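**Q** could you look at this predicted model? Sequence included:
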Amino acid sequence: MQLVKETWLAVFAARMIQVERKGKHFLCRTAASFVSARIGIIPKALILPKDLGINKEKDGGLIVVGSYVPKTTKQVEELKLQCGQNLKSIEISVDKLTMKSLEEREEEIN
């Protein structure tokens, strides 16, 4: 079903460009998938640990995820499924780090 939705979005974005070339203007408030369709980014499969050259038995590293869109969430979940026993996951709330008191920020970090 996702492929169908992405196809529809690509068709819509292409048609929108055609209409804009005729002088129409639009202000769009959209999700990341629309931006990708609008500029012609072709969807890629989820990144798997093997794609990163991760050997579950001996490699180490740091993965920082700063985007919280559904595709990123799926990628992180897949990484946890495949390598969870070797991962130490830490989730930090941006809201608590940026908008709260110093005490709440310290508590979130520690």
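**A** Now that the structure is in, tell me what you want to look at. What you see is a predicted model; the values in this text were computed from it and never measured.

**Q** can you get me the start-to-end distance on stretch 17-25?
**A** 10 Å (C-alpha to C-alpha, to the nearest Å).

**Q** which residues sit against it?
**A** Outside of stretch 17-25, the residues within contact range by C-beta atoms under 8 Å, 6 or more residues apart in numbering are F26, R38. Backbone N, C-alpha and C define where each C-beta goes, glycine included.

**Q** pLDDT (mean, whole number) over that stretch?
**A** Mean per-residue pLDDT for stretch 17-25: 94.

**Q** next: stretch 44-51.
**A** For stretch 44-51, the mean pLDDT works out to 77.

**Q** from memory I109 sits against I92, does it?
**A** Yes. Counting by C-beta atoms under 8 Å, I109 touches I92, with 7.0 Å between them.

**Q** any residues touching the helix or strand harbouring K71, and which ones?
**A** Using DSSP states H and E, K71 sits in helix 70-83. Here helix 70-83 makes contact (C-beta under 8 Å, 6+ apart) with L46, I47, L48, P49, I54, K56, I63, V65, L87, S89.

**Q** what about burial for these, which qualify?
**A** Neighbour counting by 16 or more other C-beta atoms under 10 Å classes P49, I54 among these as buried.

**Q** can I get the contacts of helix 70-83 in CSV with distance to T30?
**A** CSV is the format used below for the contacts of helix 70-83 (distance: C-beta to C-beta, whole Å):
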residue, distance to T30
L46, 22
I47, 24
L48, 28
P49, 31
I54, 33
K56, 37
I63, 27
V65, 22
L87, 33
S89, 30
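
**Q** tell me the angle of the strand or helix carrying R15 relative to helix 70-83?
**A** R15 belongs to helix 2-21 when assigned by DSSP H and E. Angle, helix 2-21 to helix 70-83, by axes from the mean of the first three to the mean of the last three C-alpha atoms, to 10 degrees: 150 degrees.

**Q** tell me which residues of helix 2-21 come out buried.
**A** For helix 2-21, by 16+ other C-beta under 10 Å, it's L9, A10, A13, M16.
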